[in-house]
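**Student:** Compute the structure for the input listed below.
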Amino acid sequence: MAQLSEPERSPNVQQRGFRLQAPLVESVSCYCRVDAGLKTVAGARKFVPGSKLCIQPDINPRAHKSKNSRRERTRVQPPLLPGLPDDLAIACLIRVPRAEHNKLRLVCKRWFRLLSGNYFYSLRKSLGMAEEWVYVFKRDRDGRISWHAFDPTYQLWQPLPPVPVEYGSALGFGCAVLSGCHLYLFGGKDPIKGSMRRVVFYSARTNKWHRAPDMLRKRQFFGACVINNCLYVAGGECEGIHRTLRSAEVYDPNKHRWNFISDMSTAMVPFIGVVHNGKWFLKGIGAHREVLSEAYTPESNTWESVTNGMIGGWRNPSISMNGKLYALDCRDGCKIRVYEEDTNSWKRFIDSKVHLGSSRALEAAALVSLNGKLCIIRNNMSISLVDILSPDKQVESNPYLWENIAGKGQMKTLLTNIWSSLSGRNSLKSHIVHCQVLQA
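**Tutor:** So this is what the prediction gives:
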């Protein structure tokens with residue numbers, strides 16, 4: 001066979017070189033150039049018949065798509081406020097009053113995500129713009145639970161989402177606030193199912209209810225407090241042979257779980273409790289109907305009996321503020337006492353000299369701290385603020401230290417109360433069971 005001449009051998013060599021080096025690749029012969037909407041190589045082969053894998057087999061067909069998609073979203077994402085960079089827009093939005101935040105969430109998805117996240121409210125808190133609202137849980141004469149939020153800035157009661165079904169008629173449940181903006185409801189007794197371990201919480205930032213891990217033990221009519229942003233519960237009752245409980249447990253929101261702590265010295269159903277000077281004080285009824293009092297120290301995880309003068313004159317409601325322990329000394333909350341550790345006794349602190357009456361509707365149901373002032377909430381939803389940090393607080397009667405806020409239905413309740421007293425009908429139709437303050 002004759003040998004091929006050099007010119008005849010050249011085209012084959014050039015073609016072999018073309019296959020190995022591939023200086024140029026046509027769009028119909030390489031999967032990498034296929035439209036990004038095709039998610040797989042098999043999809044590319046289906047729409048581009050005769051296509052072959054190019055010399056870059058390590059290319060991820062999803063890589064270009066995801067980057068392009070993110071870049072595209074960033075490119076078309078509208079600003080929070082037209083004409084302003086987002087940082088300046090956020091500086092404007094954080095100054096909007098809290099009462100309008102529900103409306104802001106409805107503007108667009110970006111505003112909804114911003115006002116539902118932690119960054120927005122953390123920024124408000126760090127700049128001193130966070131607002132405190134009073135949240136009240138009330139039971140009507142039919143046993144149903146309703147709740148209300150009071151805005152002290154506008155002095156208006158704001159709408160809230162319904163209470164979870166399991167707490168619509170529950171008895172003896174606990175209520176506490178963690179992280180300043182999460183309101184927890186836990187335990188209690190369902191009229192049909194009995195004692196519960198259920199735990200739910202409301203977020204003031206999202207205006208929604210959420211589930212949390214159940215308690216380790218079913219209980220009702222127990223004591224509860226918050227120390228170092230951890231929720232403690234102790235004592236109470238449960239169905240069974242041993243109705244009165246000694247057990248206690250703690251919930252850490254960072255770890256998202258409950259753990260048992262040391263049992264109380266004696267089983268107890270607490271009816272009053274307060275955290276003062278780093279200790280949790282409880283006073284209640286024992287299994288044999290005797291009055292008991294104990295104090296829990298978190299650092300040592302120990303309980304001890306308490307029989308000092310504080311326990312003897314301690315009444316509900318009470319609160320610890322700025323290292324002082326305060327309690328109300330009359331039914332309508334117009335007299336306040338303070339506990340003095342030096343003399344181990346309760347002393348008269350301040351009197352408004354303007355008493356509303358002894359009606360059950362005007363009875364003081366809760367004592368909370370609101371914007372640095374002592375806040376008294378009564379069953380008729382009226383609220384009084386007392387500036388206990390005023391330099392004139394040594395004066396026993398000073399009208400400028402007291403500020404009365406017209407609560408929901410205050411005048412109607414006052415007139416109804418007068419008529420009920422005259423007609424001999426002074427039974428309580430509804431009353432407050434819990435009161436807390438949330439910041440957002």
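**Student:** From here on, just use CA atoms for contacts and neighbour counts.
**Tutor:** Will do.
**Student:** Tell me which stretches of the stretch 301-440 of the chain form helices.
**Tutor:** 309-312, 410-423 (DSSP state H, counting those that start in this stretch).
**Student:** Pick out the shakiest of those, pLDDT-wise.
**Tutor:** For the helices of the stretch 301-440 of the chain, the bottom mean pLDDT is recorded on helix 410-423, which sits at a mean of 41.
**Student:** show me what contacts Gly172?
**Tutor:** For Gly172, the contacting residues are 187-189, 220-222, by CA atoms under 8 Å, 6 or more residues apart in numbering.
**Student:** Filter the residues you listed down to the ones in strands?
**Tutor:** Of those, the ones assigned to strands by DSSP state E are Lys189.
**Student:** which one of the contacts of Gly172 sits closest to Tyr251?
**Tutor:** Taking CA to CA as the measure, Tyr251 sits nearest to Gly187 out of the contacts of Gly172, at 12.8 Å.
**Student:** In contact with that closest one: list those residues for me.
**Tutor:** Residues in contact with Gly187, defined by CA under 8 Å, 6+ apart, are 172-174, 195-199, 215, 218-220.
**Student:** what's the pLDDT at it?
**Tutor:** Here, the pLDDT recorded for Gly187 equals 97.
**Student:** any idea how far it lies from Tyr400?
**Tutor:** Distance, Gly187 to Tyr400, by CA to CA, to the nearest Å: 41 Å.
**Student:** Kindly report the same for Ser352.
**Tutor:** In this view, Ser352 and Tyr400 are 9 Å apart by CA to CA.
**Student:** what about those two, which has more around it?
**Tutor:** Set side by side, Ser352 and Tyr400 show more neighbours around Ser352, with 18 against 11, by other CA atoms under 10 Å.
**Student:** I'd say that one and Asp332 touch.
**Tutor:** No - the criterion here is CA atoms under 8 Å, and Ser352 misses it with Asp332 at 10.9 Å.
**Student:** distance of the residue nearest in space to the middle of the chain from Pro164?
**Tutor:** The residue lying closest to the centre of the chain (CA atoms, centre = their mean) is His182, at 0.7 Å. For His182, the distance to Pro164 (CA to CA) stands at 15 Å.
**Student:** same deal with Lys138?
**Tutor:** Taking CA to CA as the measure, Lys138 falls 14 Å from Pro164.
**Student:** Would you indicate which residues of stretch 219-234 are buried?
**Tutor:** Across stretch 219-234, burial judged by 16 or more other CA atoms under 10 Å covers 219-226, 230-234.
**Student:** Make JSON lines out of these and add pLDDT and distance to Ala327.
**Tutor:** Conversion of those to JSON lines gives the following (pLDDT from 0 to 100; distance: CA to CA, whole Å):
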{"residue": "Arg219", "pLDDT": "96", "distance to Ala327": "27"}
{"residue": "Gln220", "pLDDT": "96", "distance to Ala327": "25"}
{"residue": "Phe221", "pLDDT": "96", "distance to Ala327": "21"}
{"residue": "Phe222", "pLDDT": "97", "distance to Ala327": "21"}
{"residue": "Gly223", "pLDDT": "97", "distance to Ala327": "18"}
{"residue": "Ala224", "pLDDT": "98", "distance to Ala327": "18"}
{"residue": "Cys225", "pLDDT": "98", "distance to Ala327": "17"}
{"residue": "Val226", "pLDDT": "98", "distance to Ala327": "19"}
{"residue": "Cys230", "pLDDT": "98", "distance to Ala327": "24"}
{"residue": "Leu231", "pLDDT": "98", "distance to Ala327": "23"}
{"residue": "Tyr232", "pLDDT": "98", "distance to Ala327": "22"}
{"residue": "Val233", "pLDDT": "98", "distance to Ala327": "22"}
{"residue": "Ala234", "pLDDT": "98", "distance to Ala327": "22"}
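**Student:** pull the helix or strand with minimum mean pLDDT from the chain.
**Tutor:** helix 410-423 (a mean of 41; mean pLDDT, DSSP states H and E).
**Student:** Which helix or which strand is home to Arg110?
**Tutor:** helix 109-115 (DSSP states H and E).
**Student:** Check which residues of that helix are buried.
**Tutor:** Of the residues in helix 109-115, those buried (16+ other CA under 10 Å) are 111-112, 114-115.
**Student:** quick check, nearest of those residues to Ile90?
**Tutor:** Nearest to Ile90 among these is Leu114, at 8.8 Å by CA to CA.
**Student:** Could you pull up the contacting residues of that closest one?
**Tutor:** Counted by CA under 8 Å, 6+ apart, Leu114 has contacts Phe120.
**Student:** got a list of what Glu304 touches?
**Tutor:** Contact partners of Glu304, counting by CA under 8 Å, 6+ apart, are 265, 294-296.
**Student:** give me the low-pLDDT residue ranges for the chain?
**Tutor:** For the chain, the stretches flagged by pLDDT under 70 are 1-76, 241-242, 391-399, 406-428.
**Student:** Can you give me the domain boundaries for this protein?
**Tutor:** Using automatic domain parsing, the domain ranges for the chain come out as 24-75, 78-126, 136-157+326-440, 161-307.
**Student:** Distance to Arg315 added to those, as a markdown table?
**Tutor:** Shown next, in a markdown table, are these (distance: least, CA to CA, whole Å):
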| stretch | distance to Arg315 |
| --- | --- |
| domain 24-75 | 60 |
| domain 78-126 | 34 |
| domain 136-157+326-440 | 6 |
| domain 161-307 | 8 |
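**Student:** Which one of those domains lies nearest to Ser318?
**Tutor:** Between Ser318 and the domains of the chain, the tightest spacing by CA to CA is seen for domain 136-157+326-440, at 4.2 Å.
**Student:** distance between the ends of the closest one?
**Tutor:** End-to-end span of domain 136-157+326-440 (CA to CA): 16 Å.
**Student:** roughly how far is that domain from the heart of the chain?
**Tutor:** 24 Å (CA atoms, centre = their mean, to the nearest Å).
**Student:** How about stretch 298-308?
**Tutor:** Centroid separation between stretch 298-308 and its chain, computed with CA atoms, centre = their mean, is 28 Å.
**Student:** With stretch 99-111 instead?
**Tutor:** 19 Å.
**Student:** Okay, buried residues for that stretch please.
**Tutor:** So stretch 99-111, judged by 16+ other CA under 10 Å, has buried residues 99, 101, 104-105, 111.
**Student:** any idea which of the residues you listed is closest to Val338?
**Tutor:** Nearest to Val338, judged by CA to CA, of these is Ala99 at 34.7 Å.
**Student:** ok, so what distance separates that closest one from Gly187?
**Tutor:** Noted for Ala99: a distance of 31 Å to Gly187, by CA to CA.
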